[in-house]
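Engineer: sequence-free structure coming up:
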């Protein structure tokens with residue numbers, strides 16, 4: 001914003017003007033602008049920091065430009081049309097500041113922001129004096145974490161070292177119209193521009209301003225456009241910057257363990273001191289004009305940032321919608337306004353974006369992920385060898401709609417073909433919303449180096465889905481058995497769920513001993529298709545030793561995306577506890 005005031009940057013300019021040497025693949029007529037980066041509407045494919053970007057090698061140096069070139073995402077959506085919290089966009093903004101100013105980003109920040117504001121304990125450089133003052137971070141289990149370095153070394157999108165006192169100086173300057181302790185850092189016009197939300201599916205659901213995002217929704221109130229927030233997370237730290245410009249109020253909350261404390265704090269703080277901004281919305285009684293207005297919203301939606309979060313939206317018999325996902329299960333959406341619904345379970349609003357043709361293209365469902373929209377799947381083209389009456393068609397077509405299978409007319413699916421171990425690993429990684437591993441030089445198995453699906457096999461190994469044959473090999477082209485598929489899922493589930501929970505499951509047919517707990521879990525959680533049959537005694541025949549076919553793997557993948565596993569586990573836990581407490 002400072003550089004825009006000086007005429008060195010135009011917010012509506014194509015970012016390529018400020019990023020020489022960076023190739024940007026954009027198949028759309030609309031260029032990505034600086035404003036798109038600022039509002040997280042670039043249309044980039046998601047590029048969040050990778051696990052390897054956090055490391056213990058404090059001598060390693062990777063520049064912002066080097067990292068940007070190596071990881072530049074393509075544009076996959078029309079720029080400006082959808083909100084997805086975009087870390088990479090803010091990395092590029094740091095590079096643009098560097099290129100437009102002629103100064104390293106960290107130097108610019110020191111001279112033009114920190115020094116004028118009197119922020120003497122803040123830096124983007126990992127200085128020893130500041131690293132020595134870092135609070136200890138704690139992992140999910142409460143264990144202290146070792147300090148770590150970041151890649152790139154200077155990280156504009158979240159690598160700032162600071163103190164609560166220094167952040168307070170920034171808040172005071174912003175609330176004072178841009179004037180800091182040692183002078184002005186922004187014009188009042190720029191501060192006003194940063195305080196204005198730039199996109200929304202509905203007035204109750206603003207998305208982002210320049211540099212800020214909307215606060216968490218509160219019950220049946222939506223998000224107040226009078227409040228600005230900036231959230232941030234790294235392992236061992238979560239933070240929230242909260243500004244209410246009209247009230248001249250700023251709050252900074254930071255804590256040394258990841259978690260949702262800030263959301264709980266926000267709701268209680270606002271209810272106690274500024275209830276007018278979180279009061280339930282006053283909406284006139286609304287009913288959709290006709291069933292067609294609901295039918296256009298029906299379909300599958302995948303989160304733009306976390307593709308493993310998938311929603312199924314259906315019309316119900318009561319003039320509303322029903323939404324279902326693997327985390328919160330099934331719940332009703334009550335019409336509240338044009339393309340706006342109230343979730344009866346979460347008491348949050350859900351909105352839909354309609355395109356020029358009158359169809360839904362995006363959904364804003366913030367209960368699971370407030371940091372981006374979910375995109376509606378494309379109409380599936382179908383396959384020549386999958387009939388409409390095929391019991392597996394709903395699963396196959398759903399995955400085609402979501403992009404897990406090619407969506408082209410006239411293609412064959414080969415539903416009965418056995419799936420190889422490599423293909424199964426690839427499918428499980430993809431439906432989890434993950435990409436293949438980039439550790440090509442450290443493949444865990446000796447027989448995958450030249451395999452086209454090696455990155456997915458390696459990713460499956462890194463996540464603990466697969467372990468190999470004990471001799472360093474994976475056998476990627478061998479047909480996977482159904483019990484092997486069960487064990488892949490069980491390998492990641494067993495850490496949270498005890499085997500005793502599934503002891504009640506009776507199995508028919510043959511299952512190897514090493515796979516029995518996994519197969520019992522799959523039966524109990526319903527992670528299978530209609531191929532599993534039950535005898536008169538209730539015993540399930542999982543057909544454990546049969547190869548898993550493409551149609552069966554489609555059913556498994558669909559269930560992993562939409563089966564409410566957490567709810568089923570909670571019910572089984574309650575049942576097990578009741579059984580153990582009986583006299």
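Structural biologist: Done, it's in. The model shown is predicted, which means the values in this text are computed figures rather than measured ones.

Engineer: Could you tell me which ranges of this protein sit under the pLDDT cut-off?
Structural biologist: The model of the chain has pLDDT under 70 over residues 289, 440, 581-583.

Engineer: so who does residue 97 touch?
Structural biologist: Shown in contact with residue 97 (C-beta atoms under 8 Å, 6 or more residues apart in numbering): 3, 105, 108, 156. The way it works is simple: take the backbone N, C-alpha and C, and place the C-beta from them, glycine included.

Engineer: would you say it is within a helix?
Structural biologist: Yes. Under the criterion used here (DSSP: H, G, I helix; E, B strand; the rest coil), residue 97 sits inside a helix.

Engineer: what helix or strand is the residue most central in space within the chain on?
Structural biologist: Compute the mean C-alpha point of the chain, and by C-alpha atoms, centre = their mean the closest residue is residue 306, 2.8 Å away. Assigned by DSSP states H and E, residue 306 belongs to neither a helix nor a strand.

Engineer: tell me the contacts of it?
Structural biologist: Counting by C-beta under 8 Å, 6+ apart, residue 306 makes contact with 369, 372, 433.

Engineer: neighbour-wise, which of the contacts of residue 97 leads?
Structural biologist: residue 105 (24 neighbours; other C-beta atoms under 10 Å).

Engineer: wouldn't that residue be in contact with residue 124 here?
Structural biologist: Yes. In this structure residue 105 lies within contact range of residue 124 using C-beta atoms under 8 Å: 6.6 Å.

Engineer: sorry, back to before: any chance of the contacts of residue 97 in TSV, with secondary structure and distance to residue 443 too?
Structural biologist: Below are the contacts of residue 97 laid out as TSV (DSSP: H, G, I helix; E, B strand; the rest coil; distance: C-beta to C-beta, whole Å):
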residue	secondary structure	distance to residue 443
3	helix	45
105	helix	35
108	helix	41
156	coil	33
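
Engineer: related to what we said a few turns ago, please check the contacts of residue 306 and keep the buried ones.
Structural biologist: 369, 372, 433 (16 or more other C-beta atoms under 10 Å).

Engineer: I'd like the residues you listed written out as a markdown table, with distance to residue 520 added.
Structural biologist: Listed next are the buried ones among the contacts of residue 306 as a markdown table, based on distance: C-beta to C-beta, whole Å:
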| residue | distance to residue 520 |
| --- | --- |
| 369 | 32 |
| 372 | 36 |
| 433 | 27 |
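
Engineer: ok, back up a step: overlap of the contact sets of residue 105 and residue 124?
Structural biologist: Here residue 105 and residue 124 have 154, 156 as joint contacts, going by C-beta under 8 Å, 6+ apart.

Engineer: quick one, helices of the stretch 451-583 of the chain?
Structural biologist: Secondary structure of the stretch 451-583 of the chain (DSSP state H, counting those that start in this stretch): helices at 454-463, 482-493, 516-525, 550-562, 565-581.

Engineer: which one of those helices lies closest to residue 140?
Structural biologist: Of all the helices of the stretch 451-583 of the chain, it is helix 482-493 that lies closest to residue 140, at 15.0 Å by C-beta to C-beta.

Engineer: Helix 454-463 and that closest one, what's the angle between them?
Structural biologist: 50 degrees (axes from the mean of the first three to the mean of the last three C-alpha atoms, to 10 degrees).

Engineer: so how far is helix 482-493 off the chain centroid?
Structural biologist: Put simply, helix 482-493 sits 24 Å off its chain's centre (C-alpha atoms, centre = their mean, to the nearest Å).

Engineer: for stretch 427-445, same thing?
Structural biologist: Between the centre of stretch 427-445 and the centre of its chain there are 18 Å (C-alpha atoms, centre = their mean).

Engineer: which residues touch it?
Structural biologist: 50, 52, 303, 306-309, 399, 404, 419, 426, 449, 453-463, 465, 468, 472-474, 476, 488-489, 553, 557, 560-561.

Engineer: run the last query once more with 6 Å
Structural biologist: Residues from elsewhere that reach stretch 427-445, judged by C-beta atoms under 6 Å, 6 or more residues apart in numbering: 306-308, 404, 449, 455-456, 458-462, 468, 473-474, 553, 557, 560-561.

Engineer: hmm, which of those residues are the buried ones?
Structural biologist: 306-307, 404, 455-456, 458-462, 468, 474, 553, 557, 560-561.

Engineer: tell me which of these is nearest to residue 322?
Structural biologist: Residue 322 has its nearest neighbour among the buried ones among the contacts of stretch 427-445 in residue 561, at 16.6 Å by C-beta to C-beta.
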